[in-house]
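Predicted model follows, preceded by the sequence.
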Amino acid sequence: MCVDGKILSNHIATQAIHAQYGGVVPELASRAHMQNIVPVVDVALKNAGVGLTNVDAFAFTQSPGLIGSLLVGGQFAKSLSLALDKPLIAVNHMQAHVLANLIPERKPSFPFLCLTVSGGHTQIVLCESPTRLKVIGETIDDAAGEAFDKSAKLLGLPYPGGPLIDKYAKEGDPHRFQFPEPKIPGYNFSFSGLKTSILYFLRNAGKSQVYKEEFAATESERKQFIDQNLADICASIQDRIITILLNKVKKAAKDLNIQGLCIAGGVSANSGLRKAFTEAGEKNGWNTFIPDFQYCTDNAGMIAITGYYKYLVNDFSELNVPSAARAKW
Ligand code: KG4
Ligand code: ZN
């Protein structure tokens, strides 16, 4: 719930059910959305102290995301909009991650650059206004969040593995193992090579990062190697993901001569990235902005703040707008 650009409530229903399957199961996600949507909206209104009939507009995530979950939210927002005769606002999930940086009192001034890092996307976005955003770089394969989650899976950690790698990395030496940095032109990213080198590194119990028959470890050697070196492996993987991300951000900031730098998305909750980004800012003379933890991973506040800025410029949708637009938008 957003009132005059301030977030009054940010209520989230977490779906623990997916952990046992090692990833989000789309069918279970949409069923859980169906069950949760009415109680979640009730709590959000209660926490904000606002009655449903006092709401001026209803914003919903149109895309990108899982279609079944998007349909639930979209149809629900449309029903409220129709029943209460109030405008409907379709929000782009990735724009909302970026605009989470406009929630705090201290906001970046335009233009600024945002590194948006989530489970499905990795982008460098040039932001000229709340509603003028241009993706200038993106991943050509896996997203940064996927790099964390897939690495964690290879280490035998449960889903989502990103926060666990973050946790173990705190105790480890980030320079103990060297993983490769891909050479990708411009501001684009690639994480699939890193994933492959981690795969072989673990299969070989740390002896090599490329496939070599003679280094192949047995299952128990591999497990023992992981157990004995988990913190250093996590710290080294995390360090490489962070340097891949920040080297591109540095390049973009320098080329475009922009000093306002933000991060956003689930991976911006990573403590190593937050620290390295802040340090890079101090070194390069940037004004850095990082959303509060609750506004990094998917949340209602970022959709509400985006709805607010779209409301200010009358950017409304008709009721026949698709409830779920495209897998990629
Ligand atoms: O933005 P988000 O909540 O959902 C998507 O839009 O995808 O991002 C989820 C991603 C997952 O890959 C998750 O592992 C990652 O963000 N993530 C983290 C941390 N917290 C969440 N990755 C690394 N360190 C964290 N602390
Ligand atoms: Zn997200």
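Great, that's in hand. Quick caveat, the model's predicted, so the values are computed rather than measured. Ligands and ions are numbered 1, 2, ... in the order given.

any weak-confidence spans in the protein?
326-329 (pLDDT under 70).

Can you give me the domain assignment for it?
Following the assignment in automatic domain parsing, the chain carries domains at 2-98+296-312, 109-290.

For the first one, what is the distance to the chain centroid?
The reference is to domain 2-98+296-312. In this view, domain 2-98+296-312 has its centroid 16 Å away from the chain centroid, taken as Cα atoms, centre = their mean, to the nearest Å.

Is it in proximity to ligand 2?
Yes: on the criterion Cβ under 5 Å from the ion, domain 2-98+296-312 is in touch with ligand 2 at Asp298. Using the backbone N, CA and C atoms, a C-beta is placed for each residue, glycine as well.

where do the strands sit along this structure?
In the chain, strands defined by DSSP state E lie at 2-3, 6-7, 58-63, 88-92, 112-117, 122-129, 132-138, 260-264, 287-289, listed in chain order.

Now those in TSV, please, with extra columns for distance to Glu221.
Output for the strands of the chain, formatted as TSV (distance: least, Cβ to Cβ, whole Å):
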stretch	distance to Glu221
strand 2-3	54
strand 6-7	50
strand 58-63	45
strand 88-92	47
strand 112-117	34
strand 122-129	34
strand 132-138	38
strand 260-264	38
strand 287-289	43
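
Let me know which of the ones you listed is the nearest to ligand 1.
Of all these, strand 112-117 sits nearest to ligand 1, with 7.5 Å by Cβ to the nearest ligand atom.

what's in contact with that closest one?
Contact partners of strand 112-117, identified using Cβ atoms under 8 Å, 6 or more residues apart in numbering, comprise 94, 97-98, 101, 122-127, 143-145, 245, 248-249, 252-253, 256, 258, 260-268, 273, 277, 289.

near ligand 1, which residues of the stretch 1-150 of the chain show up?
Ser118, Gly119, Gly120, Gly145, Phe148, Asp149 (Cβ under 6 Å from any ligand atom).

Which ones, among the residues you listed, also lie beside ligand 2?
Restricting those to those touching ligand 2 (Cβ under 5 Å from the ion) yields Ser118.

out of the residues of the stretch 1-150 of the chain next to ligand 1, who's nearest Lys6?
The closest of those to Lys6 turns out to be Ser118 (Cβ to Cβ; 24.4 Å).

hang on, isn't Arg176 packed against Ser236?
Yes: between Arg176 and Ser236 there is a contact under Cβ atoms under 8 Å: 5.6 Å.

Between the two, which is the more surrounded one?
Taking other Cβ atoms under 10 Å, Arg176 and Ser236 do not tie; Ser236 has more neighbours (22 against 14).

What residues does the more buried one make contact with?
Gly172, Asp173, Pro174, His175, Arg176, Phe177, Gln178, Phe179.

Leaving out chain neighbours, which residue sits closest to it?
Phe177 (3.9 Å; Cβ to Cβ, 6 or more residues apart in numbering).

again with Ile12
In space, Ile12 is closest to Asn299, 6.0 Å off (Cβ to Cβ, 6+ apart).

Quickly note the distance from the one you found to Val72.
17 Å (Cβ to Cβ, to the nearest Å).

before we move on, what about Asn270?
Distance from Asn270 to Val72, counting by Cβ to Cβ: 29 Å.

Next: Leu245.
When Leu245 is compared with Val72 (using Cβ to Cβ), they lie 32 Å apart.

that older thread, using neighbour counts, trim the contacts of Ser236 to the buried set.
Among these, those scoring as buried are Gly172, Pro174, Phe177, Phe179 (criterion: 16 or more other Cβ atoms under 10 Å).
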